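Visitor: sequence plus predicted model, see below.
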Amino acid sequence: MKGTMLYGPRDVRFEERLDPEIIEPTDAILQISAACVCGSDLWSYRGIAEVTQPQAMGHEYCGIVQEVGSEVRHIKPGQFVVGSFWASDNTCPICQAGYQSRCVDARGMGGAQAGWLRVPLADGTLVATPELPPDDLIPSLVSASDVLGTGWFGADAAEAGPGKTVAVVGDGAVGLCAVLAARQMGAERIIAMSRHEDRQKLALEFGATDIVTERGDEGVARIKDMTDGLGAHSVVEAVGTQESMMQAMQSARPGGHVGFVGVFHGMQLPAMDLFWSTVHLHGGPAPVRQCLPHLIDLIWSRKINPGKVFDLTLPLEQAAEGYRAMDERRAIKALLRP
Ligand SMILES: [Zn+2]
């Protein structure tokens, strides 16, 4: 098969790779129907996260099960499945508490930007759709694998819900999905912080009630102005920089909740700012597996259309162009189809 490899900064190659095989009896092999480029892939693409050896890229995926190992009980060949970007057993105490991304046997996924993919812990990781999906649902289904699940966790961790004012810092695909999630959770007011017209438009379509274009201290001041000087009840941080995290913490009112799902690089949280903020912080790698059945239901019944975050669709062999387009902010998110 062919797959996408990152050799170093801005060096993406689509090249011949070994076909994946069942290694452990709990594995499944999928034929990939769709994969995508993640904002977090850009950290290594840009050289901010060091690439010490060629990396098999892609951790967002959906596809058709081709083969399962001898101990796989529930997932069957022929099923269409969506999986999380962390494989998990879904049975340990951490999984049962709803934190599958930190399963005692968690395995980070990689190599999904390819024709085929090996998924460990298949029964715990994969969720099957009721039947084979129509083609127009595939973008939304693959979004559930990471960006939608991550935005959902961000909104949930920020305790978005009825009567709440929710501010979302970050207008990438995850931030936009957090807006959609906050709407589904019944938030009263949803403020999307965005400076890009196309992303503002999608945020409004996903359920934002207000747009704030200011950033940093000015952005915080705008949120305070809009909330009687108090700050938002709930803030989702979906970027992962020092500025965005400080903006999120300071935009929340005392006693409020900040859900942080951006992947941080070189961030320092000043202890006194944290102390005086008096906010609840909850975040980390999203336990997508927890909400996956619910997200698939919402997509299957066409109540939500998160696939709209993909504003670029490319054949898999043009994965490098997907990275370039996202790096240069020509695209919010690139969908890759074999
Ligand atoms: Zn577990």
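Guide: Right, received. Where do you want to start?

Visitor: burial of Cys92, as a residue count?
Guide: 17 (other C-beta atoms under 10 Å). C-betas here are computed from N, CA, C, even on glycine.

Visitor: do the same with Tyr45
Guide: Using other C-beta under 10 Å, Tyr45 has 23 other residues around it.

Visitor: i'd like the first residue to be 734 from this point on
Guide: Noted, 734 is the first residue going forward, which turns the last one into Tyr778.

Visitor: list the residues that contact it.
Guide: 739, 742-743, 745, 1056, 1060 (C-beta atoms under 8 Å, 6 or more residues apart in numbering).

Visitor: quick one, which of those residues are buried?
Guide: Among the contacts of Tyr778, those buried by neighbour count (16 or more other C-beta atoms under 10 Å) are 739, 745, 1056.

Visitor: list the contacts of the nearest residue to Phe818 once chain neighbours are set aside.
Guide: The shortest distance from Phe818 to any non-neighbouring residue, by C-beta to C-beta, 6 or more residues apart in numbering, is to His792 (4.0 Å). For His792, the contact set (C-beta under 8 Å, 6+ apart) comprises 771, 818, 841-843, 845, 878-879.

Visitor: show the buried residues in these.
Guide: 771, 818, 842, 845, 878-879.

Visitor: report pLDDT for Gly973.
Guide: Note for Gly973: predicted pLDDT of 89.

Visitor: can you map out the helices along the stretch 934-1071 of the chain?
Guide: Remark: helices assigned in the stretch 934-1071 of the chain by DSSP state H, counting those that start in this stretch are 949-959, 975-984, 1004-1010, 1021-1033, 1052-1060.

Visitor: domain ranges for this protein?
Guide: The record's domain split for the chain, according to automatic domain parsing, is 735-879+1020-1070, 883-1016.

Visitor: what sits against the residue most central in space within the chain?
Guide: Against the mean C-alpha coordinate of the chain, by C-alpha atoms, centre = their mean, the closest residue is Val880 at 2.3 Å. Residues near Val880 by C-beta under 8 Å, 6+ apart: 769, 771, 793, 906-907, 910, 1039, 1042, 1066.

Visitor: how far away is it from Glu748?
Guide: In this view, Val880 and Glu748 are 26 Å apart by C-beta to C-beta, to the nearest Å.

Visitor: which residues of the stretch 784-933 of the chain lie near the ion?
Guide: Within the stretch 784-933 of the chain, the positions near the ion by C-beta under 5 Å from the ion are 821-822, 825, 828, 836.

Visitor: list the contacts of stretch 919-931.
Guide: Against stretch 919-931 from outside (C-beta under 8 Å, 6+ apart): 888, 893-904, 908-909, 912, 915-916, 932-933, 936-937, 940-948, 952, 956, 959, 965, 967, 980, 1044, 1062, 1065.
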